[in-house]
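A.B. asks: Dropping the sequence and predicted coords here.
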Amino acid sequence: MKTGEVRIGKNHIKIKIAESIVDRARGYMFAKKPSECEGLLFVFERKRACFWMPFVNFPLQLLFLEKDKKAGFFIVKEKYVLKPNSLREQCSKKEYGYALELAACAPVKEGQKVEMVF
């Protein structure tokens, strides 16, 4: 997977980018708990997406992002907290092209700006 960084407020978060179907399907399943400020960016065709947590032994924040085409950054449109090993699906309410799963990092709010650094 490619790597990059996002900035959310004062936080600099290292990310891996899940672009392939396999990487998106695997996500954090069977992974060791990431360091405090790491994440996984999911890139998909604009659609309504669902996530769940089987075989993930740590909580995650799930952020659905929308790109502000004029400004060039992303906006957090929906935020959820995913519980470890949960089989409950968490789906976006609308269609988005990006989702970001974050380990226990600083709190993120809906409407907050997310800058990508690749």
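C.D. replies: Cool, got the structure.

A.B. asks: So which residue is dead centre in the chain?
C.D. replies: residue 100 (1.1 Å; C-alpha atoms, centre = their mean).

A.B. asks: Can you give me the end-to-end span of stretch 47-66?
C.D. replies: Start and end residues of stretch 47-66 are separated by 11 Å (C-alpha to C-alpha, to the nearest Å).

A.B. asks: from the middle of its chain, how far away would that stretch be?
C.D. replies: 7 Å (C-alpha atoms, centre = their mean, to the nearest Å).

A.B. asks: Return the distance of the nearest residue to residue 56 once chain neighbours are set aside relative to residue 63.
C.D. replies: Nearest residue to residue 56, sequence neighbours excluded (C-beta to C-beta, 6 or more residues apart in numbering): residue 28, at 4.8 Å. For the C-beta atoms, the positions are set from N, CA and C on the backbone; glycine is no exception. Distance, residue 28 to residue 63, by C-beta to C-beta, to the nearest Å: 14 Å.

A.B. asks: Looking at those two, which is more packed in?
C.D. replies: Per other C-beta atoms under 10 Å, whichever of residue 28 and residue 63 has more neighbours is residue 63, with 27 against 23.

A.B. asks: in the sheet, who's paired with that one?
C.D. replies: Beta bridges link residue 63 to residue 79, residue 100, judged by DSSP bridges.

A.B. asks: can you check residue 43 too?
C.D. replies: Applying DSSP bridges, one finds that residue 43 bridges with residue 98.

A.B. asks: That one: neighbouring residues, count only.
C.D. replies: Neighbours around residue 43, by other C-beta under 10 Å: 14.

A.B. asks: before we move on, what about residue 25?
C.D. replies: Neighbours of residue 25 (other C-beta under 10 Å): 9.

A.B. asks: ok, and what's touching the helix or strand containing it?
C.D. replies: Secondary structure from DSSP states H and E places residue 25 in helix 21-26. Contacts with helix 21-26, where a contact means C-beta atoms under 8 Å, 6 or more residues apart in numbering, come from 1, 18, 42, 44.
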